[in-house]
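Output the structure for:
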Amino acid sequence: MKNQVQEIAADCDQLPERFICKDAEEYAGESCPTEIPVIDVSLLTSSHSELDRLKSAVTTWGCFQAINHGIESSFLDKVREISRLFFNLSAEEKKKYLREEHDIEGYGNDMVFPHCKTLDWTDRLHLTVLPQHQQRLHFWPQNLTNFKEVVDEYSSKIELINEVILKALARSLNLEENCFLDQYGTTAKMMARFNYYPPCPWSDNVWGLKPHSDGSAMTLLLQDKEVEGLQILKDGQWFRVPIVPDALTINVGDQIEIMSNGIFKSPIHRVLVNSKNQRITLAMFCMPQTEKDIGPVDELITDDTPRLYKNVTFSIEFYLENYQLGKRASEACKI
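Numbers count the residues shown, from 1 in each chain. Okay, the predicted model is just below:
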């Protein structure tokens, strides 16, 4: 696309065709307010009841709001500020970091695949943040003070939280606590996706993000401080995810659904846009290495619970093709 969504939103009096959600029935459905489970991360190593609550949250909702996760409110504000500063750069400056046509990393909007139905009303900055030696620094903003310092520190903190959660999920199933982490291998990757959703006067006709599940093992989302937009599909109904001060919204991705043999659910979710206000979020995708297959943990395969998924190598390209077609990558991995 010649222009980014942020530019289109600033100068259009008619919604471009490629953003219009064509399936009104699919879009329709009022979301219901609800209390997404809140989990106190600091209690997961000492409280059996909190561990049980985590298991319940991830088997029913596939997500939870994580509090007491060890990242101070003031630092979360720093992360939000560098996100805001990036999207406030001039269009000319941001385009220095444009992704290449067939590359997910860098600044831009949707990669367009054959048969892609509808583009999302969002711009993104995708960065590999871990391992650090794989950082492609020509995509990192050069003129924002402390950008790399803040992102590196935030990534290290997220890595620790991800490890705590994955070990807790394993213990909740009475498994050896490293069984999910062992499938990460030595070259596990973390990607940051800075998301900018411009306001849209035709907000009832566009997706911020179309319905999908994540291809990660775990996704840790720092929500906008004021503007909601995330919704979760549960039991055929959409539920809005409220903003909980200083919480991280964490959801299981397709890869943990596969590793847990379907016990933990990778939730379908979507993002709607606001007609008047911008929304900025930061999603951190924690992913096992792609050099080897992942698969269900052996101890979870019994006569009563047969294997549901084959062993697969889960590439970003494989995930994105399914995403643009409105399909779940995990479905393609079922036996």
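
For the stretch 201-335 of the chain, which segments count as helices?
Assigned by DSSP state H, counting those that start in this stretch, the helices in the stretch 201-335 of the chain fall at 254-259, 316-324.

Which one of those lies nearest to Thr145?
helix 316-324 (30.6 Å; C-beta to C-beta). To be clear about C-beta, it is placed using only N, CA and C from the backbone, and glycine gets the same treatment.

so how far is the closest one off the chain centroid?
Distance of helix 316-324 from its chain centroid, counting by C-alpha atoms, centre = their mean, to the nearest Å, is 14 Å.

for stretch 128-143, same thing?
Averaging C-alpha positions (C-alpha atoms, centre = their mean) puts stretch 128-143 19 Å from its chain's average.

For it, buried residues please.
Thr128, Val129, Leu130, Gln135, Phe139, Trp140, Pro141 (16 or more other C-beta atoms under 10 Å).

how long is that stretch from one end to the other?
19 Å (C-alpha to C-alpha, to the nearest Å).

Can you give the contact residues for that stretch?
86, 89, 93, 96-97, 99, 105-107, 125-127, 147-148, 151-152, 155, 159, 187-192, 284 (C-beta atoms under 8 Å, 6 or more residues apart in numbering).

Now that we have those, which of them are buried?
For the contacts of stretch 128-143, a neighbour count by 16+ other C-beta under 10 Å gives the buried set as 86, 89, 97, 99, 105-107, 125-127, 147-148, 151, 155, 159, 188-192, 284.

Okay, and which of those map to helices?
Phe86, Phe147, Lys148, Val151, Ser155, Glu159 (DSSP state H).

Listing request: residues of the stretch 151-300 of the chain with sub-threshold pLDDT.
290 (pLDDT under 70).

all strands for it, in order.
189-197, 209-212, 218-222, 230-234, 237-240, 248-252, 269-271, 279-287 (DSSP state E, counting those that start in this stretch).

Give the partner strands of the first one in its sheet and their orientations.
Each strand that strand 189-197 pairs with, and the sense of that pairing, follows from DSSP bridges: strand 123-130 (antiparallel), strand 279-287 (antiparallel).

try the second one
In the sheet containing strand 209-212, its partner strands are strand 269-271 (antiparallel), by DSSP bridges.

Contacts made by the strand it pairs with with the rest, please.
With contact meaning C-beta under 8 Å, 6+ apart, strand 269-271 is reached by 63, 120, 122, 195, 197, 207-213, 229-233, 238, 241, 251.
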